[in-house]
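> sequence plus the predicted model coming up.
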Amino acid sequence: MYPVRSPGHDGAVTGTTTLRTAEGPVRPERPPLLRPRGGRVLGGVAAGTADHLRLDPVLVRIGFVLLAVAGVGVVAYALLWFTMKVAPADAPRPARAGGASRRQVAGLVVLGVAALVLSSRLDTWARGDVVVPLVLAGAGLAVIWYQLDTDRVDARSARWGLVVGVLLAGGGVVLLLATTGQLANARNGFVATLVVLVGIGLATAPLWRRLLDSRAQERSARIRSEERAAVAAHLHDSVLQTLALVQKHAGDPAQVTRLARGQERELRSWLYAPSEAAGGTWAGMVRRLVAEVEADHEVTVDPVVVGDVPADEAVDALARATREAVVNAAKHSGTPGVALYSEVTPAAVTVFVRDRGAGFDPAAVPADRRGLRDSVVGRLQRVGGTAVVHSAPGEGTEVELTLPRRTS
Amino acid sequence: MTTPLTKVFLVDDHAMVRSGVRAELGDVVEVVGEAADVAEAVAGVRATRPDVVLLDVHLPGGGGRAVLESLRAELPDVRWLALSVSDAAEDVIAVIRAGARGYVTKTISGPDLRDAVARVAEGDVVFSPRLAGFVLDAFSAGPPAPTPEPDVDPGLDLLSAREREVMQLLARGYTYREIGGRLFISVKTVESHASNVLRKLQLSNRNELTRWAATNRLL
């Protein structure tokens, strides 16, 4: 309910207690005096004040109404509405927001009725023919203010509200002028002003045009420079770092190759497949696991993936098993190249990891060598997949992993 | 190889790549010319009539495809091998469809490159594992081909079961010889399957292929 107290604001506790002891024990920092976005009846002045004073908004509203009858309340409300800032859109707000707009409409209707009653009574004090236009103009202004106050100008109803407000205010002003007999004068003044304004507008048209143009140019220049800054930041973090590393390791071809390959892959995925680089699909997982294995072992892996499938638990297990198979090939085959092929069909995801290295006799693997058996075969079996190893001494090794796809 | 050296023409906009490729080709072929952009390449190939053109997919002035399209009909004897760092499937497929006989990446090793050039010069097709993957991806966009007789061509829009098998083994990193041994067919048969797949790739105008190329910008 209350915002977390910000550091460096220690006086707030004592301030609270001296200001309003009735509110009970020590409280954290008082919320700022802002008009909330939700839970308004009119402009949110009462709600904001209530938040600030930690009172029930109903109490505050009753107070405002009582003061309004005396006349002071209206002025105070208007002044507060004018001066209080609107709370930021993401501000924490006590949960009373439901049905705000309907309540606001109700509030406006009540206010309108009150104004009418008031005006009929004013009739007895002053010249009625002045009061009605004044009330009309005031109501119109209030509607305009109210619509422009929140940032809902895009909504259709808000636009209609604005039109109604402008009509009301305009009608009120015209009526006022008519009743006071100043309409003709005002019209002459208006026409004169209009002529002057149009003249000024036409005279300065090129200037406006240039202003608009330069604004558009400025905007696109800013966008361009922001884009360039983003690219530069990325290149700095990736390519330039790698180039520096390459210079440092110039004597170590294997290291340089690995750096170059890793960088190439990273840049490629950044340039061409940003969504895939974010992960979430099988192809992305393969790409990532290949990058990891290549970073850790002296091996180059050429992955070819046909089709794709969104990641889930089973696919994740398949990726782990694939990684293990590739690591095995990298460690034991004795060749620098491993081929990885994966095909996604409606029935299954299949992976082939192949090397042209030493090979081995699968039947002769001692029982304590658990790499393939546990991390590849076992892992896949748990998600319903199978793993087959084809190998013979001197013929290289191929591990075939199959994960049936559940048709859901 | 045969007694007269294979005449090779290099097209790549990077001088460093050209000199690297030239060094890797060594003296088993005769490099008859080099070009750095489309116009130069068209003029150079026309003048030198090479056996094989090593063609970069990305070139200033329209890309490798533009070179192929302007010369293919005029010089039907010239064989084209696409050479690229590009992983973008649609670029690769576009060059293959324009008439290249194969595609290798620039990271290919020297012996593999020499082998690829020799095979293309003899009229074979060179599928790198990656290209085989692209092909499978492109053709599996539609329903799979449940063809009972493996050697009957079911039309340009589908790969036969055998062709699919060959492509899968190529993608898995097998050589033609190994594939032949595995499928109990001769190397020549493997080659003819590969050529058939290339022909389908070039001639098929199935919707899936174009749609696939448009949506899958990448492997």
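Looks like it arrived, so ask away.

> in chain B, what residue spans correspond to helices?
Taking DSSP state H to define them, one finds helices in chain B at B:15-25, B:38-48, B:63-71, B:89-97, B:110-121, B:129-139, B:161-171, B:176-183, B:187-203, B:207-215.

> tell me the angle of the fifth one relative to helix B:176-183?
Counting by axes from the mean of the first three to the mean of the last three C-alpha atoms, to 10 degrees, helix B:110-121 lies at 80 degrees to helix B:176-183.

> and what of the third one?
For helix B:63-71 and helix B:176-183, the angle between their directions (the same axes, to 10 degrees) works out to 90 degrees.

> ok, now the first one?
For the pair helix B:15-25 and helix B:176-183, the angle between their directions (the same axes, to 10 degrees) equals 70 degrees.

> remind me which residues of chain B are low pLDDT?
Low-confidence segments of chain B (pLDDT under 70): B:1-3, B:86-88, B:140-157, B:204-219.

> same thing but at 90, please
Counting by pLDDT under 90, chain B contains low-confidence residues at B:1-7, B:10-49, B:51, B:54-80, B:82-183, B:185-219.

> residue of it with the smallest distance to chain A?
Across chain B, the shortest distance to chain A (C-beta to the nearest C-beta) belongs to B:Gly173, at 2.9 Å. Where you see a C-beta, it was placed from the backbone N, CA and C, and this is true even at glycine.

> now do the contacts for the spatially closest residue to that residue that is not a sequence neighbour.
Leaving out its chain neighbours, the residue that sits closest to B:Gly173 by C-beta to C-beta, 6 or more residues apart in numbering or on different chains is A:Ala339, at 2.9 Å. Contacts of A:Ala339 were listed using C-beta atoms under 8 Å, 6 or more residues apart in numbering or on different chains, and they are A:Val301, A:Asp302, A:Val304, A:Phe352, A:Val353, A:Arg354, A:Asp355, B:Pro129, B:Arg172, B:Gly173.

> beta-bridge partners for A:Ala339, please?
A:Ala339 forms beta bridges with A:Asp302, A:Arg354, as assigned by DSSP bridges.

> tally of neighbours for B:Gly33?
Neighbour count for B:Gly33, taken as other C-beta atoms under 10 Å in any protein chain shown: 18.

> was I right to think it contacts B:Arg46?
No - here B:Gly33 does not reach B:Arg46: they are 10.4 Å apart, not a contact under C-beta atoms under 8 Å.

> tell me the SS of the residue nearest to A:Gln263 when sequence neighbours are not counted?
In this structure, A:Gln263 finds its nearest non-sequential neighbour in A:Thr242, 4.1 Å apart by C-beta to C-beta, 6+ apart. Put simply, A:Thr242 is helix when judged by DSSP: H, G, I helix; E, B strand; the rest coil.

> what's the local residue count around A:Thr242?
Neighbourhood size, A:Thr242 [other C-beta under 10 Å]: 18.

> follow-up on the earlier one: got the phi and psi for the residue of chain B closest to chain A?
Backbone torsions for B:Gly173, taken as degrees, to the nearest 10, come to phi 100, psi 20.

> what sits against it?
Residues near B:Gly173 by C-beta under 8 Å, 6+ apart: A:Asp302, A:Ala339, A:Tyr341, A:Arg354, A:Arg356, B:Pro129.

> reformat the residues you listed as TSV; add distance to A:Ala169.
Below are the contacts of B:Gly173 laid out as TSV (distance: C-beta to C-beta, whole Å):
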residue	distance to A:Ala169
A:Asp302	74
A:Ala339	78
A:Tyr341	74
A:Arg354	81
A:Arg356	86
B:Pro129	75
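
> quick one: which of those residues has the most company?
Result: A:Tyr341 is most packed of the contacts of B:Gly173 (other C-beta under 10 Å), 27 neighbours.

> quick one: distance of the one helix or strand that residue maps to to the chain centre.
If you go by DSSP states H and E, A:Tyr341 is part of strand A:337-344. On the basis of C-alpha atoms, centre = their mean, to the nearest Å, strand A:337-344 sits 39 Å off its chain's mean C-alpha point.

> just the CA coordinates of it, formatted as PDB?
The C-alpha coordinates for strand A:337-344 follow below in PDB (Å, rounded to 0.1, in the frame of the first residue of the first chain):
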ATOM      1  CA  GLY A 337      36.000 -32.400 -37.600                       C
ATOM      2  CA  VAL A 338      32.600 -33.600 -36.500                       C
ATOM      3  CA  ALA A 339      29.400 -33.600 -38.700                       C
ATOM      4  CA  LEU A 340      26.100 -33.000 -37.000                       C
ATOM      5  CA  TYR A 341      22.900 -33.500 -38.900                       C
ATOM      6  CA  SER A 342      19.500 -33.200 -37.500                       C
ATOM      7  CA  GLU A 343      16.100 -33.600 -39.200                       C
ATOM      8  CA  VAL A 344      12.800 -32.700 -37.700                       C
END
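
> and it, what's buried?
Judged by neighbour count using 16 or more other C-beta atoms under 10 Å in any protein chain shown, the buried positions of strand A:337-344 are A:Gly337, A:Val338, A:Ala339, A:Leu340, A:Tyr341, A:Ser342, A:Glu343, A:Val344.

> now swap in stretch B:121-132 and tell me
For stretch B:121-132, a neighbour-count test (16+ other C-beta under 10 Å) marks B:Ala121, B:Asp124, B:Val125, B:Val126, B:Phe127, B:Ser128, B:Pro129, B:Arg130, B:Leu131, B:Ala132 as buried.

> show me which of those neighbour chain A.
Among those, the ones lying close to chain A by the criterion of C-beta under 8 Å from any C-beta of the partner chain are B:Pro129, B:Arg130, B:Ala132.

> just the helices of chain B: most buried one?
Mean neighbour count (mean count of other C-beta atoms under 10 Å in any protein chain shown) peaks for helix B:129-139 among these, with a mean of 25.

> identify the bridge partners of B:Thr105.
Per DSSP bridges, the residues bridged to B:Thr105 are B:Ser84.

> burial of it, as a residue count?
For B:Thr105, the count of nearby residues is 17 (other C-beta under 10 Å).

> select the longest helix from chain A.
Max-length helix for chain A by DSSP H is helix A:205-235.

> how about A:Leu168, nearest residue that isn't a chain neighbour?
A:Gly140 (3.0 Å).
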